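>>> Turn this into a model:
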Amino acid sequence: MRRWIAGAVAALVLAGVMPDHAGAADAPGKRALPYYASIGAGQARMRTGPARSYPASWLYQRVDLPVKVVAVFKEWRRVQDPDGTEGWMLAALLRDTRTAIVRGTEPAPMYARPSDGASIAWRAAPGVVGRLSACGGGWCRFDVKGQAGYVTVDRLWGVEPGERLP
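Modelled structure (predicted):
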């Protein structure tokens, strides 16, 4: 009886009736595109295509740099960096930790509370990368190695204007 059931299941898989579970490991991690991630490796190569055989176009050496994932192909992610450069990275080089980078030419004030009237706790220079939390209402809590404050979303790349983060 067991052989018959195993044979029937195998026949259904071969016939394409049952769903393909080759990508089942990726199923829990599937997300709506685009989404933000960050570089989790000390060195991460951006490639011109989704395989190691494609040439590397950039070598990133900045852990926590935010990237926008715009496409997925197997274990590869097509990402966009803060400067707008796009290419492919292995998913293993990325993590879900939400980070952002200060944009603009002037330092971004980091307020004690999410309010323009709050006192300024810190200032973050353009290009500084920090971790995000508590985003909503046009503000995000921005933590740069333990120095945290609230920054307006328009000064950050790595979060959308109306996005909410816990």
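>>> and the protein, what are its domains?
23-97, 100-157 (automatic domain parsing).
>>> Please, which helix or strand holds V79?
Here V79, judged by DSSP states H and E, is contained in strand 76-80.
>>> if we look at that strand, which residues are touching it?
With C-beta atoms under 8 Å, 6 or more residues apart in numbering as the test, strand 76-80 has contacts from 34, 37, 46, 50-51, 67-72, 86-91, 94. In short, each C-beta sits where N, CA and C put it, glycine included.
>>> try it again with 6 Å
Contacts with strand 76-80, where a contact means C-beta atoms under 6 Å, 6 or more residues apart in numbering, come from P50, V67, K68, V69, V70, A71, E86, W88, M89, A91.
>>> In CSV, list the residues you listed along with secondary structure and neighbour count.
As requested, these are arranged in CSV below (DSSP: H, G, I helix; E, B strand; the rest coil; neighbours: other C-beta atoms under 10 Å):
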residue, secondary structure, neighbour count
P50, coil, 19
V67, strand, 27
K68, strand, 20
V69, strand, 18
V70, strand, 13
A71, strand, 14
E86, strand, 15
W88, strand, 20
M89, strand, 24
A91, helix, 17
